[in-house]
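Enquirer: Following is a predicted model, sequence given first.
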Amino acid sequence: MRKTKGRPKSFDEQEVLNLAMEYFWKHGYENSSLDDLLKAMGISKGSFYHMFGSKEALFSKCLQLYRKKQIDYLRSLKQEFGAKATMLKLVEMTLTELKTTGRLTGCLLMNSGKECYGRYEDLSKLIKEEYLAMQSFFTNALQEDIDKGIVKTSLSAKELSTRFMNTLNGLVLSVQAGATDDMVESIVQQLKEMVE
């Protein structure tokens with residue numbers, strides 16, 4: 001018997017993943033129903049199961065895509081401006097989002113960690129891996145600037161990257177919890193002082 005290849009897919013997997021990532025980022029993992037995801041992605045249930053298998057598998061791919069896109073973007077900023085300027089630019093972009101929209105979306109990895117920690121074992125492991133990959137990027141970038149004397153610190157690059165990432169994410173959580181303008185300014189000043 002001759003084997004048939006089956007029906008060819010009629011969508012771009014990368015584009016569909018981007019749409020799913022944006023949907024998860026806006027609504028969270030648990031609040032994203034399969035029907036809503038299918039509408040957002042513009043694909044059928046059959047295509048979804050054929051390409052991704054499950055909502056959790058799709059979410060895993062979206063988390064990996066998010067980290068890759070973020071690191072690619074940060075790498076391009078770093079090549080153009082250096083690590084210190086890139087980190088300050090992240091603070092500036094966070095403030096611009098807040099001033100422009102009145103809210104902060106936050107990092108998909110951090111948002112997902114908060115939602116999935118202790119509830120979804122495989123997703124929790126993946127979120128940790130992706131988060132550590134982001135930290136590794138910042139650590140390596142900072143080490144280059146420390147070696148060149150651009151960033152002066154008594155901390156190791158890893159300690160500094162940990163403090164910076166946690167303080168930046170803390171800024172987002174503080175805003176989401178209703179921090180006053182004075183509180184936001186204080187956290188922003190702390191972030192700037194870390195890498196100056």
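Expert: Noted; the coordinates are in hand.

Enquirer: now the helices for this protein?
Expert: Ranges of helices in the chain, per DSSP state H, are 13-27, 34-41, 45-51, 55-81, 83-101, 108-116, 121-147, 157-176, 181-195.

Enquirer: Pick the most deeply packed of the ones you listed.
Expert: The highest mean neighbour count among the helices of the chain, using mean count of other Cβ atoms under 10 Å, belongs to helix 108-116: a mean of 20. Glycine gets a C-beta too; all of them are placed from N, C-alpha and C.

Enquirer: Measure how far it is from the centre of its chain, please.
Expert: Chain-centre distance of helix 108-116: 9 Å, with Cα atoms, centre = their mean, to the nearest Å.

Enquirer: That one packs against which elements?
Expert: Where contact means 3 or more Cβ pairs under 8 Å, 6 or more residues apart in numbering; DSSP states H and E, helix 108-116 is packed against helix 13-27, helix 55-81, helix 121-147.

Enquirer: could you dump the ones you listed to a markdown table with mean pLDDT and distance to Leu171?
Expert: Compiled in a markdown table, the helices and strands packed on helix 108-116 are given as follows (pLDDT from 0 to 100; distance: least, Cβ to Cβ, whole Å):
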| stretch | mean pLDDT | distance to Leu171 |
| --- | --- | --- |
| helix 13-27 | 94 | 18 |
| helix 55-81 | 94 | 17 |
| helix 121-147 | 93 | 16 |
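
Enquirer: Put together TSV for those helices, with distance to Thr105 on each row.
Expert: Converted to TSV, the helices and strands packed on helix 108-116 look like this (distance: least, Cβ to Cβ, whole Å):
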stretch	distance to Thr105
helix 13-27	7
helix 55-81	12
helix 121-147	16
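
Enquirer: Go ahead and produce CSV holding the CA coordinates of stretch 26-39.
Expert: Extracted in CSV, the C-alpha atoms of stretch 26-39 (Å, rounded to 0.1, in the frame of the first residue of the first chain):
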residue,chain,number,x,y,z
LYS,A,26,-1.8,38.6,28.3
HIS,A,27,-4.1,36.0,29.9
GLY,A,28,-1.9,33.6,31.8
TYR,A,29,-1.8,29.8,31.5
GLU,A,30,-4.8,28.9,33.4
ASN,A,31,-7.0,31.6,32.0
SER,A,32,-6.3,30.6,28.5
SER,A,33,-8.9,28.0,27.4
LEU,A,34,-8.2,25.8,24.4
ASP,A,35,-11.1,27.4,22.5
ASP,A,36,-9.8,30.9,23.1
LEU,A,37,-6.3,29.8,22.1
LEU,A,38,-7.6,28.3,18.9
LYS,A,39,-9.3,31.6,18.0
